[in-house]
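*Asks:* what would the 3D arrangement of this be:
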Amino acid sequence: MRRAHVRTLLLEEAPILPLTPRRRAVLKSLAHDLKPVLQIGKGGLTPAAVDAVRDALAARELIKVKVLDAAPEPARAAGEALVAELGDAQLVQVIGRTLVLYRRHPDRPRIELPD
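*Replies:* Okay, here's the model as predicted:
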């Protein structure tokens, strides 16, 4: 089995915890000091941007993405499209043109969410 295929299977098996208000508050507080790792510009949500978000979420569980003024779609629509494209990520919040995305690492979760 190829390594990428094994990685895909592991990501599909990781349970997606629903974001309760308490969990969302914890994630918002952790995201406060983060800098955006990606900017979505006038090209919109390209496959390269989706891949960059996927890679960033593999390295970190919580990221910020900035949607520039020149982007063809509003920030909330871009966030929902990213979540739909990734499948296992969750949109924590949208503040202005900044998105906060969360995906629990399947093997080594670093962020402990309350029950």
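
*Asks:* pLDDT below threshold where in the chain?
*Replies:* Applying pLDDT under 70 to the chain picks out residues 1-15.

*Asks:* so which residues of it form helices?
*Replies:* For the chain, helices defined by DSSP state H occupy the ranges 3-13, 21-31, 47-59, 75-86.

*Asks:* which one of these is the most hemmed in?
*Replies:* Ranked by mean neighbour count, the helices of the chain are led by helix 75-86 with a mean of 17 (mean count of other Cβ atoms under 10 Å). C-betas here are computed from N, CA, C, even on glycine.

*Asks:* so what touches that one?
*Replies:* Contact with helix 75-86 is made by 40, 44-45, 50, 53-54, 57, 65, 67, 71, 73, 89-91, 94, 96-99, 101, 103, as judged by Cβ atoms under 8 Å, 6 or more residues apart in numbering.

*Asks:* list the contacts of the residue nearest to the spatial centre of the chain.
*Replies:* Geometric centre of the chain, nearest residue: Leu101, 3.1 Å, by Cα atoms, centre = their mean. If you count contacts by Cβ under 8 Å, 6+ apart, Leu101 has them with 53, 57, 62-65, 79, 82-83, 89-92.
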